[in-house]
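Engineer: I would like the atomic coordinates for the input below:
(2 chains)
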Amino acid sequence: DQQVKQNSPSLSVQEGRISILNCDYTNSMFDYFLWYKKYPAEGPTFLISISSIKDKNEDGRFTVFLNKSAKHLSLHIVPSQPGDSAVYFCAASRGNGNKLVFGAGTILRVKS
Amino acid sequence: DGGITQSPKYLFRKEGQNVTLSCEQNLNHDAMYWYRQDPGQGLRLIYYSQIVNDFQKGDIAEGYSVSREKKESFPLTVTSAQKNPTAFYLCASTGDPRGQPQHFGDGTRLSIL
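Structural biologist: Model prediction:
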């Protein structure tokens, strides 16, 4: 049972344009959501998070939107840069947040 | 610099052998985690520990064991009972699971000879 889904395995975007990465979840008990960025052969790096009491959180070029009724969150990167090319993982947790549930990831390629 | 150190980066195991993956953190974090990543999949939780001398099974604990004798160390043993151990193993830690993100090491890639 996949509780966190990233339905787009890959996304290609031109440098300077907006990248939108999507994530859907099925467990309505999730109350904390995170995005991680991962380069090959390295550990994931935390990007941005949002709690269920908010619908938007912004940090520089990165904005995460949460739509609880649709059980959907998205990560917007604007403007996209070639260095943003990586795998992006969506993750969710509930309660005390001990167990993060990860999506399968989306490969983002930013073309210069 | 503070961080999480995993060693070795690459590890090879013969069939029937146990191997231990090291994870050390100097972030003074109470909680530590082990995840496994397979190609095309997200990270899956193996074991986690919220405090020294205590740990809990994650979603895929079968064939693995851990110990938490010191706050800074959380080694993972892949036993011979784990039938498909080839994967990328990631260790993480956090100061407060309720509100702070988990921070990850750079991983260990385990392969079977």
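
Engineer: Show me which residues of chain B are close to chain A?
Structural biologist: B:4, B:6, B:9, B:31, B:33, B:35, B:40-45, B:48, B:50, B:56, B:58-59, B:90, B:92, B:97-99, B:101-107, B:109 (Cβ under 8 Å from any Cβ of the partner chain). Glycine gets a C-beta too; all of them are placed from N, C-alpha and C.

Engineer: redo that, cut-off 6 Å
Structural biologist: Within reach of chain A by Cβ under 6 Å from any Cβ of the partner chain, chain B has these residues: B:Q41, B:G42, B:L43, B:L45, B:L90, B:P97, B:R98, B:P101, B:F104, B:G105, B:D106, B:G107.

Engineer: For the nearest residue to the fourth one once chain neighbours are set aside, grab phi and psi.
Structural biologist: Right, the one you point to is B:L45. In this structure, B:L45 finds its nearest non-sequential neighbour in B:G58, 3.2 Å apart by Cβ to Cβ, 6 or more residues apart in numbering or on different chains. The phi/psi pair for B:G58 (degrees, to the nearest 10) reads phi -100, psi -150.

Engineer: right, and B:G58 touches B:Y47 too?
Structural biologist: Yes - the criterion here is Cβ atoms under 6 Å, and B:G58 meets it with B:Y47 at 5.5 Å.

Engineer: Could you pull up the mean pLDDT of stretch B:37-45?
Structural biologist: The average pLDDT for stretch B:37-45 rounds to 89.

Engineer: now that stretch, how far from the centre of its chain.
Structural biologist: 13 Å (Cα atoms, centre = their mean, to the nearest Å).

Engineer: Residues in contact with that stretch: which ones?
Structural biologist: A:K99, A:F102, A:G103, A:A104, B:Y35, B:R36, B:G58, B:D59, B:I60, B:A87, B:F88 (Cβ atoms under 6 Å, 6 or more residues apart in numbering or on different chains).

Engineer: beta partners for the closest residue to B:K9 other than its chain neighbours?
Structural biologist: Distance criterion Cβ to Cβ, 6+ apart; nearest residue to B:K9, sequence neighbours excluded, is B:T108 at 6.3 Å. Applying DSSP bridges to B:T108 gives these bridge partners: B:Y89.

Engineer: now B:T108: how far from B:T20?
Structural biologist: 10 Å (Cβ to Cβ, to the nearest Å).

Engineer: the more surrounded of those two?
Structural biologist: For B:T108 and B:T20, the more surrounded residue by other Cβ atoms under 10 Å in any protein chain shown is B:T108, and the numbers stand at 22 against 13.

Engineer: still on that earlier bit, of the residues of chain B next to chain A, which is the most crowded?
Structural biologist: B:L43 (29 neighbours).
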